[in-house]
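In: let me see the structure of the following:
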Amino acid sequence: MHYQDALAEEIRDSAARLLAEDVGPGDITARLIPAAHHATARVITREACVLCGVAWVDELFRRLDASVALRWHAADGDRLEAGQAFLEIEGPARSLLTGERAALNLLQTLSATATRTRHYVDLIADTGVRLLDTRKTLPGLRLAQKYAVTCGGGHNHRLGLWDAFLIKENHIAACGGIAAAVREARDIAPRAPVEVEVETFDELEQALAAGADVIMLDNFSLDDMREAVRRTAGRATLEASGNVDETTLRAIAETGVDCISSGALTKDLKAIDLSMRLVEQGD
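Out: Below is the predicted model of the structure:
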């Protein structure tokens, strides 16, 4: 399945899951409000962030109540300032309040991923190094978070276990060595990229000799990364991994590696503080 098709399917499925999780057989608190009561709500961010999740919220309210109208004042990838109102929602008050938490949960999480990514990308903006995500995503939000990474200016590593090889220590041991593992990978899926994780210079040389497309330098020191760049001399893409955070990112990028992967983009997150308030009400 094409990535865009998979993403569209994920948006539909996750919106359905969110509503099933939060609303279940029905919102009994919303029934306190007369069915004919209409309202307008405004969503603001209490902190600076990068917005992400527009399509999910649109789909969520479409499923909940097609009469609800959403007016966005920002798009995915836009930077928002603290206190900025970026969405107005108009429709039956019951529907607005029923969909509030599911919508905010999604926006808070995806915007947190996009915001963290943008912060990291800004730290290395002039180096030419690409920032990559990992498979360390929140359960059930793989494609959503990987989309959020792109909204923050980052790049996606493999989407899952089907679209690229990542040959790690246990794979190497089970296959009988790096050369054997790479050779087998080429036979299994000739068009799939082959990446090998290495921990020593000897393993680096083996991966280069085997013709790996990408070589992951696992927890190499900065000096060793620079030496790996010299030895590789452009024969493979070099990816740095391990001990990556905002304090180490810049120094790693300056070693000359091609890309840096970080699980922190998707798993070590603090949700963005968003708020929805009814601003107009009437029958």
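
In: buried ones in the longest helix seen in the chain, by neighbour count?
Out: The single longest helix within the chain, with elements called by DSSP state H, is helix 93-123. Using 16 or more other Cβ atoms under 10 Å as the test for burial, helix 93-123 gives 93-100, 102-118, 120-121. C-betas here are computed from N, CA, C, even on glycine.

In: quick one: the helices in the chain, in order.
Out: 3-22, 54-64, 93-123, 142-151, 169-175, 178-188, 201-210, 222-232, 249-253.

In: in CSV, list those helices along with distance to Leu32 and mean pLDDT.
Out: Output for the helices of the chain, formatted as CSV (distance: least, Cβ to Cβ, whole Å; pLDDT from 0 to 100):
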stretch, distance to Leu32, mean pLDDT
helix 3-22, 17, 92
helix 54-64, 18, 97
helix 93-123, 9, 97
helix 142-151, 32, 97
helix 169-175, 56, 96
helix 178-188, 59, 97
helix 201-210, 64, 98
helix 222-232, 60, 98
helix 249-253, 49, 98
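
In: quick one: closest of the ones you listed to Glu280.
Out: Glu280 lies closest to helix 93-123 among the helices of the chain, at 10.2 Å (Cβ to Cβ).

In: show me how far that closest one is from its chain's centre.
Out: For helix 93-123, the distance from its own C-alpha centre to the chain's C-alpha centre is 12 Å (Cα atoms, centre = their mean, to the nearest Å).

In: domain parsing of the protein, as residue ranges.
Out: 3-121+269-279, 155-261 (the TED database).

In: how far does the first one stretch from start to finish?
Out: It refers to domain 3-121+269-279. Terminal residues of domain 3-121+269-279 are spaced 39 Å apart (Cα to Cα, to the nearest Å).

In: so how far is that domain from its chain's centroid?
Out: Domain 3-121+269-279 sits 17 Å away from the centroid of its parent chain (Cα atoms, centre = their mean).

In: begin at 726 from now on, thanks
Out: Yes, from this point I'll number from 726; that puts the last item at domain 728-846+994-1004.

In: so which of the helices of the chain is nearest Leu857?
Out: Proximity to Leu857 (Cβ to Cβ) singles out helix 867-876 among these, at 8.3 Å.

In: could I get the helices of the chain in TSV, plus columns for distance to Val919?
Out: Below are the helices of the chain laid out as TSV (distance: least, Cβ to Cβ, whole Å):
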stretch	distance to Val919
helix 728-747	20
helix 779-789	33
helix 818-848	26
helix 867-876	21
helix 894-900	11
helix 903-913	5
helix 926-935	8
helix 947-957	15
helix 974-978	23
